[in-house]
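Trainee: Predicted model follows, preceded by the sequence.
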Amino acid sequence: MPAKAAHLTLAHHNQDLLDHLVSTQLEKFPDWIATVAFYKAVHLVEALFDHHGYPHSINHEMRNEQIKGDNRYKNIFKHYFPLQTASRCARYLFNPFPGTPREFTDIYAPDDVQGKLLNHHLHQLENSVKRFLDPPPPRRR
Amino acid sequence: MATKNKATSRPKTLCHGDRQEKVLIEPENGDRFLMTMQDAVHACQFEEEKVKEFRAQFRLLVEHLKGWMQKHRDKIRRAFLTTRENQILFLVERNQVRYDLEFEQELAQLLLQIAQDAHCSLIRLDAMPIPPVTESQRDAFLSPDVMELRHAG
């Protein structure tokens, strides 16, 4: 059962892979980039749960319920949900029937993956988590 | 679920007078529940109340989702409620293939509202927006327990 530090290490590890894939393979592997982005979000959320004393989630359902059930995490869920959806699409949706999305890029163009999933949703989620983990010091009078 | 005895046309009757008599219940997942008759009666009564409450909350949920679909009808092709493990899945098929940031934000907001609504306290709802798909692709997300939703308009 990894704790906060372990989850943050894994989140950084995922970010290293994202940096590598985005700089060299964005056009080729947008589906895997979306999936790695989601799992980075999972680790950030689990680090936050540990920080707030919540138990480690044993599955996606438990994690989702915990995020939705705590009012402090509203903004986190708004960005977590699209990352989860993209990851599910990447893993479960595609087949070669005509008239339906054949490839991940039919739904998420590489620009969407970089601009919306990474630079918007993942960035916002990470900032929200950081605000809890490293709150600004109290103001001095 | 079955009793160890051969099933007969008449149910086996356990009387409330036998309060301290033990009963053993073995559901198909291999769990074993050994309890007194009194506790078994309480469990049945509690379960009956919970089922009633869940049904009422489910009806509310359906109306809520239909209202939400009405607001977003120009973006929705079809929508379904289905079961998934311990959750209910709201599967929403969009009209458009391309990802729609605004639509996903609205859907996330809907999930938050329902999760924090005291009138839906027994509901565990997940949602999955998908592009237009074939029946076989859609079926991959649907369990045998499924209902199609149509917007309220």
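Mentor: It's in.

Trainee: Please identify the buried residues of the lowest-mean-pLDDT helix or strand in chain A?
Mentor: One helix or strand of chain A scores below all others by mean pLDDT, DSSP states H and E: helix A:104-107, with a mean of 90. Buried residues in helix A:104-107, counted by 16 or more other CB atoms under 10 Å in any protein chain shown: A:104, A:106-107. Placement of C-beta: from N, CA and C, glycine included.

Trainee: Quick check: next helix or strand after it?
Mentor: helix A:110-112 (DSSP states H and E).

Trainee: So for B:S9, what's the pLDDT?
Mentor: As predicted, B:S9 sits at a pLDDT of 64.

Trainee: tell me the SS of B:D126?
Mentor: strand (DSSP: H, G, I helix; E, B strand; the rest coil).

Trainee: so how far is A:E27 from it?
Mentor: 31 Å (CB to CB, to the nearest Å).

Trainee: quick one: which of the two has more around it?
Mentor: Comparing B:D126 with A:E27 by neighbour count (other CB atoms under 10 Å in any protein chain shown), the higher total belongs to B:D126, at 19 against 10.

Trainee: OK, contacts around that one?
Mentor: A:61, A:64, B:84, B:87-90, B:111 (CB atoms under 8 Å, 6 or more residues apart in numbering or on different chains).

Trainee: Now restrict the residues you listed to buried residues only.
Mentor: A:64, B:84, B:87-90, B:111.

Trainee: Tabulate those residues (JSON lines), appending pLDDT.
Mentor: Shown next, in JSON lines, are those (pLDDT from 0 to 100):
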{"residue": "A:N64", "pLDDT": "96"}
{"residue": "B:R84", "pLDDT": "88"}
{"residue": "B:Q87", "pLDDT": "92"}
{"residue": "B:I88", "pLDDT": "96"}
{"residue": "B:L89", "pLDDT": "96"}
{"residue": "B:F90", "pLDDT": "97"}
{"residue": "B:L111", "pLDDT": "97"}
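
Trainee: Can you spell out which helices and strands pack onto the host helix or strand of A:H12?
Mentor: Per DSSP H and E, A:H12 falls inside helix A:4-25. Here helix A:4-25 touches helix A:30-51, going by 3 or more CB pairs under 8 Å, 6 or more residues apart in numbering or on different chains; DSSP states H and E.

Trainee: buried stuff in the helix it packs on?
Mentor: A:30-50.

Trainee: returning to that earlier point: spatially, which two of the buried ones among the contacts of B:D126 are the most separated?
Mentor: B:R84 and B:L111 (14.1 Å; CB to CB).

Trainee: I'd like the average pLDDT over the helix or strand harbouring B:M69.
Mentor: Following DSSP H and E, the helix or strand that holds B:M69 is helix B:37-71. Helix B:37-71 comes out with an average pLDDT of 93.

Trainee: Show me what secondary structure element comes after that helix.
Mentor: strand B:76-84.

Trainee: Name every strand pairing with that next one and say which way it goes.
Mentor: strand B:87-94 (antiparallel), strand B:146-149 (antiparallel) (DSSP bridges).

Trainee: quick one: buried residues of the last one?
Mentor: Looking back up the chat, that one is strand B:146-149. Those would be B:L149, for strand B:146-149 by 16+ other CB under 10 Å.

Trainee: Contacts only, for the residue of chain A at minimum distance from chain B.
Mentor: When scored by CB to the nearest CB, chain A has A:K68 as its residue closest to chain B, at 3.6 Å. Contacts of A:K68 were listed using CB under 8 Å, 6+ apart, and they are A:77, B:111-112, B:115-116.

Trainee: now do 7 Å
Mentor: A:77, B:111-112, B:115 (CB atoms under 7 Å, 6 or more residues apart in numbering or on different chains).
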